[in-house]
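*Asks:* got a predicted structure plus its sequence, pasted below:
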Amino acid sequence: MKTNFSLLFYLKKPKNYSDGLVPIYLRITVAGKRAETTTARSCDPLQWNSKAGRLKGTKESSRTFNAYLDQLQTMVYSAHQSLTEQKTTITADRLKSKLTGKAETARMILDIFREHNRQVSSLVGADFAKGTLERYQTSLKHTAEFIKWKYNTVDIDIRDIDHDFVVSYDFYLRSVRKCANNSAVKYLKNFKKIVRICIASGWLIFRIVKHMLEIKPIAYSS
């Protein structure tokens, strides 16, 4: 799925700025969420065209300066194309990381699921019943086995969870695990709660995964 984005070069004046050169920053926006990084360039505010996001003038020095910004812009578009071809969820932070060459902090879905279950366990008898914990533990077990079955790995980054993941998980529960409809629905509901925790924590963007949360269980004919 193609994800649109926007970018902007702008001046970021330091606190208590009075005069002198001002650093130029690049802002990338995806689905309303921003990521910013320095361009490693500065300029006199009087020489900056804020509408164009470039240095004013036609002198060789201005053309060379603007060519550098053009190159950065091209690199962002290349990063976007690369992530699109990899079918990776595109976020502002991920584009920034691709541009700067700095790896993002990976957050793994099973690690988050285990932490959730640990918190539920500590609240059994107060906010949760023992049976609720057992259902979450079983759901975690099925999720881990599904990831091994489909991706041949022990865990995956939450940003790689997509429509295909949920549809395939639903199929796995019903076909491989032979779960009844009600059980499959409950396990998917438990899994989607973990996804919502990721959204609430700011690790996933709701507009990107909204379609995934709305997926209804698939009715397979016998």
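*Replies:* Right, received. Where do you want to start?

*Asks:* tell me, which helix in this protein spans the most residues?
*Replies:* helix 60-85 (DSSP state H).

*Asks:* next SSE after that one?
*Replies:* helix 92-100 (DSSP states H and E).

*Asks:* so what's the backbone phi/psi at the residue lying farthest from the centre of the chain?
*Replies:* What lies farthest from the middle of the chain is Lys59; by C-alpha atoms, centre = their mean that is 41.2 Å. As for Lys59, its main-chain torsions (degrees, to the nearest 10) stand at phi -70, psi 160.

*Asks:* circling back: and the longest helix of the chain, what does it pack onto?
*Replies:* Contacting helix 60-85 under the criterion 3 or more C-beta pairs under 8 Å, 6 or more residues apart in numbering; DSSP states H and E are the following elements: strand 6-11, strand 22-30, strand 33-43, strand 54-55, helix 92-100. Glycine gets a C-beta too; all of them are placed from N, C-alpha and C.

*Asks:* tabulate these (a markdown table), appending distance to Ile194.
*Replies:* Below are the helices and strands packed on helix 60-85 laid out as a markdown table (distance: least, C-beta to C-beta, whole Å):
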| stretch | distance to Ile194 |
| --- | --- |
| strand 6-11 | 31 |
| strand 22-30 | 23 |
| strand 33-43 | 21 |
| strand 54-55 | 45 |
| helix 92-100 | 20 |
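
*Asks:* low-confidence bits of this structure, can you list those?
*Replies:* Applying pLDDT under 70 to the chain picks out residues 1-2, 103-105, 205-222.

*Asks:* tell me how it divides into domains.
*Replies:* The record's domain parsing of the chain by automatic domain parsing lists 6-100, 109-213.

*Asks:* how far away is Asp44 from Ser62?
*Replies:* 11 Å (C-beta to C-beta, to the nearest Å).

*Asks:* got it, and Ser6?
*Replies:* Taking C-beta to C-beta, one finds Ser6 at 24 Å from Ser62.
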